[in-house]
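**Q** just the structure for this:
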Amino acid sequence: MIMKLFKTAVLLCSIGLLTACGSASRDELTQWMAEQKAQTQPQVKPVNPPKPFKPENYKRFSELDPFSKQKLIMVLNKDTNQASASGALIAPELARRKEPLEEFPLDTMTLVGSMVRDKQPVALIKVGPLLYQVRPGDHLGQNYGRIVKIVENEVILREIVQDAVGEWIERTASLLLQERSK
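**A** Have a look, this model is predicted:
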């Protein structure tokens, strides 16, 4: 039992000594931090002063002011003229009566022959099981195609289609004579 009391006494003394050392080292640490803070000066690079603003005079008084309403009106009129030219292409096509071969896409049609009838070229077009006779001026396909020329082995069309920006443009298409497979 005496041994137990001795161990307890030694333990209490060690704890007392450690707490005394802890508070002393804490005071030393606080003092050292204050000294370091006083000695250290921040190094801040000075900011360059702003460049002085030098206004420029507008030298092109003879030209149109880029912020004027007139310039905007000119651009809008240009776009309107292009749209009206584009609309002039498609307007007659929308007003006329559709012909039977305008129901089918061109890739479903086959040119099987051509001939001359009453001194006018005629092409024979096969769609499915049916055979049609067409002449220059007739319409084919779903893109407002109109036959421009018929030659011995080809029918040449003028189609009206929309391009990538939505403008109506003319393009040429053709049907070539297909040889019969054996």
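**Q** what's the weakest-modelled helix or strand in the protein?
**A** Least confident element among the helices and strands of the chain, by mean pLDDT, DSSP states H and E: helix 69-95 (a mean of 67).
**Q** right, and the helix or strand after that helix?
**A** Following helix 69-95 in sequence order, the next helix or strand is strand 109-117 (DSSP states H and E).
**Q** for that next one, packing partners?
**A** Counting contacts by 3 or more CB pairs under 8 Å, 6 or more residues apart in numbering; DSSP states H and E, strand 109-117 is packed against strand 120-127, strand 154-162, strand 168-176. For glycine as for every other residue, the C-beta is placed from the backbone atoms N, C-alpha and C.
**Q** so for residue 39, which of the ones you listed sits nearest?
**A** strand 154-162 (78.2 Å; CB to CB).
**Q** quick one: buried residues of the closest one?
**A** By neighbour count on 16 or more other CB atoms under 10 Å, the buried set for strand 154-162 is 155, 157, 159-160.
**Q** from the chain's centroid, how far away is that strand?
**A** How far strand 154-162 lies from its chain's middle: 29 Å, per CA atoms, centre = their mean, to the nearest Å.
**Q** also stretch 112-132?
**A** Mean-position distance between stretch 112-132 and its chain equals 45 Å (CA atoms, centre = their mean).
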